[in-house]
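J.: give me the fold of what follows.
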Amino acid sequence: MSSVFTKIIQREIPSEIIYEQEDIIVIKDIHPQAKTHLLIIPKKEIETINHLEESDRNLIAEMFFVAKKVAKNLGIEQGYQLHFNVGEKGGQEVMHIHLHLLSNI
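T.: Modelled structure (predicted):
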């Protein structure tokens, strides 16, 4: 079953897209926990960090470089947080990995 993020990536569900490249999309979180709360999502559907394979190494690294680029573009590069939630017990609500970028700048 496709995640809600896959449906957003495929444009089946509308979302406010902040940035997009071939393998990653960045959207606004619909329940923001900070002034800026974005989700950096790989287009490849990977359930949790625990489901990563060696072949995903570059994709995960690219997510951090996208975070850096987006933070700079938004003028918040001097203060932001990045984090992953892993699994339902770890607070992950959508079982498709995503990196949170939060800032109160």
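J.: all contacts plus neighbour counts: C-alpha atoms, from now on.
T.: Fine.
J.: and the nearest residue in space to residue 92 that is not next to it in sequence, how far from residue 99?
T.: Closest residue to residue 92 apart from its sequence neighbours, by Cα to Cα, 6 or more residues apart in numbering: residue 85 at 4.9 Å. Residue 85 is 8 Å from residue 99, where distance means Cα to Cα, to the nearest Å.
J.: next secondary structure after the lengthiest helix in the chain?
T.: When the chain is scanned for its longest helix (criterion: DSSP state H), the result is helix 57-74. Beyond helix 57-74 on the C-terminal side, the first helix or strand identified by DSSP states H and E is strand 81-83.
J.: for that following strand, packing partners?
T.: In terms of contacts (3 or more Cα pairs under 8 Å, 6 or more residues apart in numbering; DSSP states H and E), strand 81-83 is packed against strand 99-103.
J.: hey, what's the residue nearest to residue 63 when sequence neighbours are not counted bridged with?
T.: With Cα to Cα, 6+ apart as the criterion, residue 63 has its nearest non-adjacent residue at 6.5 Å, and that residue is residue 40. Beta bridges link residue 40 to residue 26, residue 99 when assigned by DSSP bridges.
J.: quick one: contacts for residue 40?
T.: 24-27, 63, 66-67, 98-101 (Cα atoms under 8 Å, 6 or more residues apart in numbering).
J.: ok, so of these, who is nearest residue 51?
T.: residue 98 (12.8 Å; Cα to Cα).
J.: mind checking the end-to-end distance for stretch 70-88?
T.: 27 Å.
J.: for the protein, which residue occupies the most central location?
T.: residue 40 (2.0 Å; Cα atoms, centre = their mean).
J.: and that one, what's its pLDDT?
T.: At residue 40, the pLDDT value in this model is 98.
J.: what's the answer for residue 1, then?
T.: The per-residue pLDDT of residue 1 was computed as 66.
J.: ditto for the one 4 residues further on
T.: pLDDT for residue 5: 96.
J.: could you do residue 17 as well?
T.: Here the pLDDT value assigned to residue 17 is 97.
J.: hang on, the earlier thing: quick check: phi and psi at the residue nearest to residue 92.
T.: Recorded main-chain torsions at residue 85 are phi -100, psi 140, according to degrees, to the nearest 10.
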